[in-house]
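Asker: Provided below are the primary sequence and the corresponding predicted coordinates.
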Amino acid sequence: MSSTDIRSSKPAADAATVPLDWSPLSWQNFPVRQLPDYPDQQALESAFADLKKLPPLVNSWEIDALKAKLAKASRGEMFLLQGGDCAETFEHCNSSHIVKLLKVLLQMSFIMVHEMNIGVIRLGRIAGQYAKPRSKPTERVDDIDYPIYRGDLVNGYEADAELRKPSAQRLVEAYHKSGLTLNFIRSLTEGGGFADLHHPEYWELNFMKNNKFYDEYAKMVSSITNAIRFMEGILPTELVNLRQVEMFTSHEALNLYYDSAQTRRSPHKDGWYNMSTHLPWIGNRTRDPKEAHVEYFRGLKNPIGIKVGPPYDIDEIADLVQLLNPSNEEGKITLITRFGSKIVETELPKLIDKIEGRGLKVLWSADPMHGNTFATESGIKTRAFDDIMDEIRKSFAVHRQMGSILGGVHLEMTGEDVTECVGGANGLNAQGLSTNYQSYCDPRLNYEQSLELAFMISREWKASQKKK
Ligand code: PEP
Ligand code: CO
């Protein structure tokens, strides 16, 4: 696509908040990774033009509200729970999948609120998490090379030459699916459809019986039940806002056509917002400061996430944080570390030292998933629950030692009863993985594993408060 054809955005007038040389499409002047070569340029132009005309999915007030909450989390006054599918698919745009993810996120957050005594920010990897970075451009299936699957935003999952061709029409379809997903989330969370989920007696907790912490969990659950009964019984309905819950969305802003077409100004506000999601994040593979993704993120008013894992250069990460947040605004940057349980204790302190040493304000979040992936003997991609928990435990400990605050977690999880990660109270082993392995990309925690993790994160948080 030629940049002049789609560059209808005028240069920014509000120089105080937007760099003068930036526009939603200035990234086109930089080298770019992970962007597919669309075979049909005209179709790309037309999909981009369609996307630009469609209404925003979220608004700037919601985006600013999230940023303010993330600022609180960076000070330890709230906690960020970010989670969802590794790769959301168009098929996931159905009632059951959405309800199940919302349900597990909500239940995890209630456990955390109750145990940690602070507010929890629920941030789904949802309503736009359709594009995946890949390490190779092609994949060999039955001796035939196909373009690699890059997520439903780009091409089809089946190994079929036609389906694997990047199709620009999918950009528009992704917008529609995101809109439908978001509409359903809003109706459930704002319209009271989720009220019964506050009641732990409806939770499926039997699996916990296998856990060594069962007694402790049982006490927690009964105490949550009592607290809810008390609130509902004693306070006037208008004061108990138990029927409404707040939920935000996030995705990796990888396909810059999709995200830049939805980057807009808001009336009476300075700057540009990516209005396809509340929080876009930069993946570990596209955070080179000299390249297109960083250029795109540089002009956004949204809070943004940055994934940090090997290979990385500490000075470069600190420079990147400064480049993306020149005014050192609180809540703007969430640094999501994903070192893996083996090296987190040696690597995280160096990064904290550099970032805090420069006085850079960030919200520290831990992604215990992406550094802990391995393949079983039969070649199934998985993660062990114990490694995931271990990285979280070590991250809490390192932050405590360094005097910084771990204010969030970033998880790949689903409310479905899948068998993709080994371990957890039910002791899923490598043989059991094939029972219900559905992920098109990375292995996710299932319902039980996610709830168990919420209990364990809360215990770690409490322990870490006591030791302060
Ligand atoms: C992801 O979050 O799915 C992902 C690809 O992560 P990372 O950029 O950290 O590898
Ligand atoms: Co992933």
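Answerer: Ah, there it is. Computed from a prediction, not measured in an experiment: that's the story for all the values here. Numbering: from 1, shown residues only. Ligands and ions are numbered 1, 2, ... in the order given.

Asker: Return the set of buried residues in stretch 451-468.
Answerer: 451-461, 464 (16 or more other CB atoms under 10 Å). The way it works is simple: take the backbone N, C-alpha and C, and place the C-beta from them, glycine included.

Asker: Check stretch 82-102 too.
Answerer: 82-90, 92-93, 97-102.

Asker: before we move on, what about stretch 316-331?
Answerer: The neighbour-count check on stretch 316-331 (16+ other CB under 10 Å) flags 317-318, 320-321, 324-325, 330-331 as buried.

Asker: try stretch 374-382
Answerer: Buried residues in stretch 374-382 (16+ other CB under 10 Å): 380, 382.

Asker: Put the alpha carbons of that stretch into CSV.
Answerer: Coordinates of the C-alpha atoms in stretch 374-382 are reproduced here as CSV (Å, rounded to 0.1, in the frame of the first residue of the first chain):
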residue,chain,number,x,y,z
PHE,A,374,8.2,-26.4,26.2
ALA,A,375,7.4,-29.4,24.0
THR,A,376,6.5,-32.8,25.4
GLU,A,377,8.3,-35.9,24.0
SER,A,378,5.5,-36.3,21.5
GLY,A,379,5.9,-32.7,20.4
ILE,A,380,2.9,-31.1,22.1
LYS,A,381,3.5,-27.4,23.1
THR,A,382,2.8,-27.0,26.8
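
Asker: Mind listing residues that contact it?
Answerer: Defining contact as CB atoms under 8 Å, 6 or more residues apart in numbering, one finds that stretch 374-382 is touched by 373, 383-384, 420-422, 430, 433-434, 437, 442-443.

Asker: what does the model give the most centrally placed residue in the chain for pLDDT?
Answerer: Centroid-nearest residue in the chain, with CA atoms, centre = their mean: residue 125, separated by 4.1 Å. The per-residue pLDDT reported for residue 125 equals 98.

Asker: do residue 203 as well
Answerer: 75.

Asker: Contact distance from ligand 1 - what residues of this structure qualify?
Answerer: Neighbours of ligand 1 within the chain, by CB under 6 Å from any ligand atom: 86, 133, 283-285, 307, 309, 338, 370, 442.

Asker: What distance do you get for residue 144 to residue 369?
Answerer: 31 Å (CB to CB, to the nearest Å).

Asker: and the two? which has more neighbours close in?
Answerer: Shown here are residue 144 and residue 369; by other CB atoms under 10 Å, residue 369 has more neighbours (25 against 11).

Asker: Mind checking the pLDDT average for stretch 427-437?
Answerer: 93.

Asker: Pull the residues that contact that stretch.
Answerer: So stretch 427-437 is in contact with 210, 376-378, 380, 382, 416-422, 443, going by CB under 8 Å, 6+ apart.

Asker: What of stretch 169-179?
Answerer: Under CB under 8 Å, 6+ apart, the answer for stretch 169-179 is 43, 47-48, 50-51, 54, 57, 90, 93, 127-128, 130, 152-155, 255, 257-258, 261-262, 276.

Asker: contacts for stretch 58-76?
Answerer: By CB under 8 Å, 6+ apart, stretch 58-76 touches 78-80, 118-119, 121, 123, 182, 248-249, 266, 269, 273, 275-279, 301-303, 329-332, 334, 361-364, 405, 407-408.

Asker: In strands only, show me these.
Answerer: Of the contacts of stretch 58-76, the ones assigned to strands by DSSP state E are 78-80, 119, 121, 123, 248-249, 273, 279, 334, 363-364, 407-408.

Asker: just to revisit the earlier point, of the buried residues of stretch 316-331, which is the nearest to ligand 2?
Answerer: residue 317 (19.9 Å; CB to the ion).

Asker: show me the contacts for the closest one.
Answerer: 306, 308, 335, 351, 354-355.

Asker: still on that earlier bit, now the nearest residue to the residue nearest to the centre of the chain once chain neighbours are set aside, which residues is it bridged with?
Answerer: Once flanking residues are discounted, residue 125 sits nearest to residue 84: 3.1 Å by CB to CB, 6 or more residues apart in numbering. On the basis of DSSP bridges, residue 84 is bridged to residue 125, residue 412.

Asker: what does residue 308 give?
Answerer: Applying DSSP bridges to residue 308 gives these bridge partners: residue 337.

Asker: pLDDT score assigned to it?
Answerer: 98.

Asker: State the number of residues packed around it.
Answerer: With other CB under 10 Å as criterion, residue 308 counts 23.

Asker: re the thing from before, filter the contacts of stretch 58-76 to the buried ones?
Answerer: 78-80, 121, 123, 182, 248-249, 266, 273, 275-279, 301-303, 330-332, 334, 361-364, 405, 407-408.

Asker: how about the residues of the chain next to ligand 1 in a markdown table, adding distance to residue 225?
Answerer: Shown next, in a markdown table, are these (distance: CB to CB, whole Å):
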| residue | distance to residue 225 |
| --- | --- |
| 86 | 33 |
| 133 | 43 |
| 283 | 40 |
| 284 | 41 |
| 285 | 44 |
| 307 | 37 |
| 309 | 39 |
| 338 | 35 |
| 370 | 35 |
| 442 | 34 |
